[in-house]
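In: pasting the sequence and the predicted coordinates here, then a few questions.
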Amino acid sequence: MYRFNFKSVRTLPGILQRERARAADQDVFLLISPPWLSSFERSLLWISGFRPSMFFPIINSAVAEELSSDQRRRIEEVKAESRRQEREITQAMARIQEMVAEQPVYSLMRRFEGLVDGEWPELEEAMDELKRRR
């Protein structure tokens with residue numbers, strides 16, 4: 001029979017933090033796009049506002065004076081490529097959000113397209129139905 005060890009459970013977050021720090025020392029890009037996250041978890045990072053380009057101001061303020069002109073040029077190239085890819089991802093996610101929202105809104109618009117001034121009860125009914133579908 002397996003015996004549960006509470007002490008090891010309490011020390012697990014510290015162990016994970018040390019291992020992540022060690023991995024970041026070897027390859028800092030593991031922190032930008034952690035391979036241990038699922039694609040769903042990475043999308044949640046994106047939705048919450050985390051962008052790889054967030055690191056560029058940090059890099060500039062931390063080591064800009066120590067970089068050679070070639071290193072600065074390469075960082076600018078990576079920054080431009082990151083922003084291009086971020087823009088593509090943002091546009092793709094906007095299209096997905098529009099597709100998800102479009103269906104119920106469009107069906108309600110078709111249902112109540114004949115409304116004229118003074119027919120507010122039907123409009124309120126449409127709004128209530130839209131709220132229920134959430």
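Out: Looks like it came in fine.
In: so where's this structure uncertain?
Out: Within the chain, the stretches with pLDDT under 70 are 1-9, 106, 108-123, 134.
In: count of neighbours near the nearest residue to Leu37 once chain neighbours are set aside?
Out: With sequence-adjacent residues excluded and distances taken as C-beta to C-beta, 6 or more residues apart in numbering, Leu37 is closest to Leu45, at 7.5 Å. (Glycine included, C-beta is placed from N, CA and C.) A total of 15 residues lie near Leu45 under the criterion other C-beta atoms under 10 Å.
In: do you know how far Leu45 is from Ser61?
Out: Relative to Ser61, Leu45 is positioned 22 Å away (C-beta to C-beta, to the nearest Å).
In: circling back: distance of the residue nearest to Leu37 relative to Glu124?
Out: The gap separating Leu45 from Glu124 is 39 Å, by C-beta to C-beta.
In: any idea how far stretch 25-38 is from the chain center?
Out: Here stretch 25-38 is found 15 Å from its chain centre; the criterion is C-alpha atoms, centre = their mean, to the nearest Å.
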